[in-house]
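Peer 1: fold the following, please.
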Amino acid sequence: MNVRTKYISFRVSRSEKKAIALAAKECSVSTSEFSRRAALNLKVTLRFSPEELEVYNNLHTYHRNFKSIGNLIKSKHFHKNDMVLYELEEVIKLIKNHLGKFEQ
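Peer 2: Numbering: from 1, shown residues only. Take a look at the predicted model:
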């Protein structure tokens, strides 16, 4: 582990300080750790609130279910309806897009 013994300081406005402190709190890290990660271009991950986590989990479940429905429609046991298949693929893409935003 790197021992941190050196200091760097920089000036910020009152509103910038509040914004940095709030962002650090949302990430569950100190302002120093948040600033260090941002300055070194390291990933600064926001933690999900319980509500956001529930939405993510539901969206993931919907994606899996729609994917299964799509596979069923594509099977030889289902009378294919191209419009339904097209719309289903669009929903799957939209959900996957939103899931990707959560995972960044």
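Peer 1: could I get the average pLDDT for stretch 34-49?
Peer 2: In this model, stretch 34-49 has a mean pLDDT of 81.
Peer 1: number the residues from 43 up from this point.
Peer 2: Sure thing, new numbering starts at 43, so read that last one as stretch 76-91.
Peer 1: where in this structure is pLDDT low?
Peer 2: Applying pLDDT under 70 to the chain picks out residues 43, 88-90, 119-123, 144-146.
Peer 1: the strands in it, which residues?
Peer 2: Along the chain, counting by DSSP state E, no stretch forms strands.
Peer 1: now the helices for it?
Peer 2: With DSSP state H as the criterion, the chain has helices at 56-68, 73-81, 92-116, 124-145.
Peer 1: now mean neighbour count and distance to T47 too, for the ones you listed, in JSON lines please.
Peer 2: Quick note: C-beta positions are derived from backbone N, CA and C, even for glycine. Shown next, in JSON lines, are those (neighbours: other CB atoms under 10 Å; distance: least, CB to CB, whole Å):
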{"stretch": "helix 56-68", "mean neighbour count": "13", "distance to T47": "22"}
{"stretch": "helix 73-81", "mean neighbour count": "15", "distance to T47": "13"}
{"stretch": "helix 92-116", "mean neighbour count": "13", "distance to T47": "37"}
{"stretch": "helix 124-145", "mean neighbour count": "12", "distance to T47": "35"}
